[in-house]
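[1] Okay, structure incoming, though there's no sequence with it:
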């Protein structure tokens with residue numbers, strides 16, 4: 001026969017996990033959206049340097065074809081040129097070392113000519129601030145997925 005203490009412990013664990021998930025969902029739906037900065041960076045990369053064997057390509061990592069901004073949270077696109085050559089972004093030409101802040105005040109899709117992006121066009125999708133509830137939970141999950149997709153992949157350091 002199973003002791004009553006053992007049955008209670010077995011039931012408490014799923015209830016505790018369910019409670020934690022419910023609190024996380026409630027937080028995601030109701031907590032205000034904050035970021036450390038209103039800016040979302042877009043950096044033109046510096047080409048990779050030649051490796052020890054001298055066999056490195058001068059190809060830079062791929063740039064995203066779409067950037068998503070949210071009004072009132074991150075609604076300024078910060079363009080940085082860390083490359084040694086000028087880059088074109090829409091009507092702008094960014095010289096080496098130059099930065100430019102591009103603020104957005106209305107939701108919508110904005111297409112900019114950018115030869116460095118696959119297809120030659122970068123889309124800036126500006127969305128409105130999500131209302132509390134499921135819309136905010138979906139926004140948080142989308143922001144998390146975009147962050148994970150754009151994380152740089154780095155080899156372990158020796």
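    Thanks, I have it. Model, not experiment: these values are computed from the prediction. Residues are numbered from 1 along each chain as shown.

[2] you'd agree residue 108 is up against residue 126?
    Yes: look at residue 108 against residue 126 with C-beta atoms under 8 Å: they come within range, at 5.8 Å. The way it works is simple: take the backbone N, C-alpha and C, and place the C-beta from them, glycine included.

[3] ok, these two, which is more surrounded?
    residue 126 (19 against 10; other C-beta atoms under 10 Å).

[4] what mean pLDDT does the helix or strand containing the more buried one have?
    Using DSSP states H and E, the element containing residue 126 is strand 121-127. Model confidence over strand 121-127, given as mean pLDDT, is 91.

[5] Mind giving me the packing neighbours of that strand?
    Packing partners of strand 121-127 (3 or more C-beta pairs under 8 Å, 6 or more residues apart in numbering; DSSP states H and E): strand 66-70, strand 108-113.

[6] Could you tell me the angle between that strand and strand 66-70?
    Strand 121-127 runs at 20 degrees relative to strand 66-70, counting by axes from the mean of the first three to the mean of the last three C-alpha atoms, to 10 degrees.

[7] Same question for strand 121-127: list its buried residues.
    Of the residues in strand 121-127, those with enough neighbours to count as buried (16 or more other C-beta atoms under 10 Å) are 122-124, 126-127.

[8] biggest separation within these, which pair?
    Maximum pairwise distance among these (C-beta to C-beta): 16.4 Å, between 122 and 127.

[9] Grab the nearest non-local neighbour of residue 138.
    Nearest non-adjacent residue to residue 138, counting by C-beta to C-beta, 6 or more residues apart in numbering: residue 130, 7.3 Å away.

[10] before we move on, which element is the one you found in?
    Counting by DSSP H and E, no helix or strand carries residue 130.
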